[in-house]
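Asker: could you look at this predicted model? Sequence included:
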Amino acid sequence: MDLREQRGETTDVYQPAEDSQLLADAVCDRVADGLVLEVGTGSGYVAGRIAEETNAQVVATDLNPHAVRQARDEGVEAIRADLVSPFANDSFDAVAFNPPYLPTDPDNEWDDWMERALSGGEDGRAVIDPFLETVGRVLAPDGVVYLLVSSLTGVDEVVERAGEHGFSAVAIAEESFPFETLTVLELVR
């Protein structure tokens with residue numbers, strides 16, 4: 001049994017990395033209170049940080065049942081759901097999402113929970129596009145979306161798609177690595 005398994009972590013759940021920290025930092029710097037949804041919570045790290053560092057009430061979702069279990073074990077209110085599907089219209093003051101964004105050749109996908117947490121399809125936007133199509137429904141009138149995007153996915157393309165769904169976008173945080181630049185976009189209507 002390795003250290004991750006001893007701590008109750010599973011190799012089926014996306015664990016916090018640089019992207020998680022960048023998104024959590026950005027959201028915690030901008031959200032003071034209200035009702036916040038984290039989509040695709042993975043380990044629950046981002047939702048946990050928001051709950052601990054702000055006065056917001058936080059709910060998290062993930063499609064992966066192992067992630068939901070781990071997030072709950074970390075004290076996060078988490079439910080199994082596909083994106084924002086189970087929530088009522090106009091419910092959330094803010095929505096945070098670190099989506100699967102790595103462009104992946106369909107011939108190289110391995111069809112397990114970790115791949116679902118990482119693979120964004122051929123262009124990296126296979127999950128981002130449906131998220132942008134549906135997230136507006138659950139946002140309160142003055143709601144804000146915090147979306148992490150990789151340069152590998154095409155930040156300009158994501159901004160354009162967000163615009164097609166009624167959002168204006170501004171980059172509020174960025175971190176560069178040798179192979180990609182991560183950007184947190186703030187989307188408002």
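Answerer: The structure has been received and is ready for your questions.

Asker: from the chain's centroid, how far away is the helix or strand harbouring residue 46?
Answerer: Applying DSSP states H and E as the criterion places residue 46 in helix 45-53. Centroid displacement of helix 45-53 relative to its chain, using C-alpha atoms, centre = their mean, to the nearest Å, is 13 Å.

Asker: which SSE is immediately downstream of it?
Answerer: Beyond helix 45-53 on the C-terminal side, the first helix or strand identified by DSSP H and E is strand 57-62.

Asker: quick check, pLDDT for the residue lying closest to residue 76 once chain neighbours are set aside.
Answerer: Excluding the flanking residues, the one nearest residue 76 by C-beta to C-beta, 6 or more residues apart in numbering is residue 44, at 3.8 Å. All C-beta atoms are positioned from the backbone trio N, CA, C, and that covers glycine. As predicted, residue 44 sits at a pLDDT of 94.

Asker: just want the phi and psi numbers for residue 44.
Answerer: Recorded main-chain torsions at residue 44 are phi 90, psi 0, according to degrees, to the nearest 10.

Asker: report the contact partners of it.
Answerer: Each residue near residue 44 by C-beta atoms under 8 Å, 6 or more residues apart in numbering is listed here: 60, 67, 70-72, 74-76, 78.

Asker: which of the residues you listed fall in helices?
Answerer: When the contacts of residue 44 are checked against helices (DSSP state H), the matches are 67, 70-72.

Asker: where does the closest residue in space to residue 144 that isn't next to it in sequence sit: helix, strand or coil?
Answerer: Beyond its immediate neighbours in the sequence, the residue positioned closest to residue 144 (C-beta to C-beta, 6+ apart) is residue 94, lying 5.0 Å away. Per DSSP: H, G, I helix; E, B strand; the rest coil, the secondary structure class of residue 94 is strand.

Asker: the closest residue to residue 91 other than its chain neighbours: neighbour count?
Answerer: With sequence-adjacent residues excluded and distances taken as C-beta to C-beta, 6+ apart, residue 91 is closest to residue 138, at 5.0 Å. Burial measure for residue 138: 21 neighbouring residues, criterion other C-beta atoms under 10 Å.

Asker: so for residue 138, what pLDDT did the model give?
Answerer: Reported pLDDT at residue 138 in the predicted model: 98.

Asker: nearest residue to the middle of the protein?
Answerer: The C-alpha lying nearest the average C-alpha coordinate of the chain belongs to residue 97 (C-alpha atoms, centre = their mean; 2.0 Å).

Asker: quickly list what that residue is bridged to.
Answerer: The partner list for residue 97 in beta bridges (DSSP bridges) reads residue 39, residue 147.
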